[in-house]
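please work out how this folds:
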Amino acid sequence: MIRNYFFKAIRFLFRYNFFWKLSQPIIKFADNLKHQKFWTDRRAIDKHIKQQILKTPIVKNGIFKGMVYPDFLAAGSAIYPKFIGSYERELAPILEQIIKEKYDLIIDVGCAEGYYAVGLAMLMPNAKVIAYDTDPRARALCKQIAILNKAEAGIVFEGGGNGR
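Below you'll find the predicted structure:
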């Protein structure tokens, strides 16, 4: 009952331009708070990115476009820049030069999940790629990504420390 009176009062007040103009800054402030919450709540961003932008874990742009991941997982770095193709943007000229030179051996020390190791193995099938990481979970993910992308034949997975 009180709710009905409240809405009647709101409808009555908003007939007048004065109340409408008065409420605009408040509405704008509330809307800004909603956007601020969205961009500061990582779970909301992750959910939004996974559901709307990146429905499948595939690199969408960049030199390694088309590389498939088993899930939205990375080992030691951010995953989303890789999927949108901005992760290697600064290195693109160097990577293009490496591919152009057709090296027969590439060593990736600290390969993590294998973004560069697998990507270069995909683009340079005649090269031998050594993917080295001390973290056994990172090496396992690297191997899984290599298998998904049919690049495991050209990659040697190495490790040290606790994972050897």
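
tell me how far the residue minimising distance to the centre of the chain lies from Tyr132.
Geometric centre of the chain, nearest residue: Tyr80, 0.9 Å, by C-alpha atoms, centre = their mean. Separation of Tyr80 from Tyr132 (C-beta to C-beta, to the nearest Å) stands at 25 Å. To be clear about C-beta, it is placed using only N, CA and C from the backbone, and glycine gets the same treatment.

now Pro57
When Pro57 is compared with Tyr132 (using C-beta to C-beta), they lie 24 Å apart.

same question, Lys21
On the measure of C-beta to C-beta, Lys21 and Tyr132 end up 65 Å apart.

between these two, which one's more packed in?
Regarding Lys21 and Tyr132, a neighbour count based on other C-beta atoms under 10 Å identifies Tyr132 as having more, with 17 against 9.

and that one, what does it touch?
When contacts are counted by C-beta atoms under 8 Å, 6 or more residues apart in numbering, Tyr132 touches 107-111, 158-160.

enumerate the beta-bridge partners assigned to it.
Counting by DSSP bridges, Tyr132 is bridged to Val109, Glu158.

pLDDT score for it?
You'll see Tyr132 listed with a pLDDT of 96.

for the chain, just list every one of the strands.
For the chain, the strands defined by DSSP state E cover 105-109, 128-132, 155-158.

got the ones you listed as TSV, with distance to Ala146 columns?
TSV is the format used below for the strands of the chain (distance: least, C-beta to C-beta, whole Å):
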stretch	distance to Ala146
strand 105-109	12
strand 128-132	8
strand 155-158	5
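
for stretch 115-129, how far is the first residue from the last?
For stretch 115-129, the first-to-last residue distance is 12 Å (C-alpha to C-alpha, to the nearest Å).

per-residue pLDDT, Lys128?
97.

ok, Leu13 next?
74.

nearest spatial neighbour of Arg89, skipping sequence neighbours?
Excluding its sequence neighbours, the residue lying closest to Arg89 (C-beta to C-beta, 6 or more residues apart in numbering) is Gly62, at 7.0 Å.

list the contacts of that neighbour.
Neighbouring residues of Gly62 by C-beta under 8 Å, 6+ apart: 84-89, 92.
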